[in-house]
Every structure is written in structure tokens, then in C-alpha cells.
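Chemist: A predicted structure for the sequence below; I have some questions about it.
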Amino acid sequence: MSGSTKAMGVLTVGTLVVVTAYTAALGSNGWLWFGWVVLGLVTIGVIASRSN
């Protein structure tokens, strides 16, 4: 994996931690989870395209 792909993976995992903490502290926000799912799908797409 290249540096930018690793950085995107770290950003995705970090965002998951933040969204989970927000949900635990203040309650669920559907837009945050939707945004995280989109970010996760983009990250998976980048990883898949780089491995080819």
C-alpha cells in the first residue's frame, strides 16, 4: 500500500472511533454514520484499485 492509501485507511478508522464516541456520548446521528459508510466505501475502492 502506498502512503496515501495508508493515510486514508487511518483516517477511516479514526473517523469510526470519533463517530462511535459521539454516538455513545450524545446519541446517534444518522448523517455521521452515513458519512462514515461513504468514506469506508471510498477507502475500499481506493485499496481495490491500487492492488490491481
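Modeler: Good, I have the coordinates.

Chemist: Just the helices from this protein, written as ranges.
Modeler: 3-26, 30-51 (DSSP state H).

Chemist: mind putting these in CSV, mean neighbour count and mean pLDDT included?
Modeler: To be clear about C-beta, it is placed using only N, CA and C from the backbone, and glycine gets the same treatment. Output for those, formatted as CSV (neighbours: other CB atoms under 10 Å; pLDDT from 0 to 100):
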stretch, mean neighbour count, mean pLDDT
helix 3-26, 12, 93
helix 30-51, 12, 92
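
Chemist: Not counting sequence-adjacent ones, nearest residue to the most centrally placed residue in the chain?
Modeler: Most central in the chain under CA atoms, centre = their mean is T12, positioned 2.6 Å from the mean C-alpha point. Sequence neighbours aside, T43 is the residue nearest to T12 in space, at 4.6 Å (criterion: CB to CB, 6 or more residues apart in numbering).

Chemist: wait, what's in contact with the one you found?
Modeler: M8, G9, L11, T12 (CB atoms under 8 Å, 6 or more residues apart in numbering).

Chemist: Can you give me the distance of L41 to G27?
Modeler: 24 Å (CB to CB, to the nearest Å).

Chemist: ok, back up a step: for G27, see how far away the residue nearest to the centre of the chain is.
Modeler: Counting by CB to CB - T12 and G27 are separated by 23 Å.

Chemist: Ok, A21 next?
Modeler: Taking CB to CB, one finds A21 at 12 Å from G27.

Chemist: which residues does the residue nearest to the centre of the chain contact?
Modeler: T12 neighbours (CB under 8 Å, 6+ apart): W36, L39, G40, T43.

Chemist: show me what contacts the third one?
Modeler: Applying CB under 8 Å, 6+ apart, we find G40 in contact with T12, L16.

Chemist: same question, the first one
Modeler: For W36, the contacting residues are T12, T15, L16, V19, taking CB under 8 Å, 6+ apart as the criterion.
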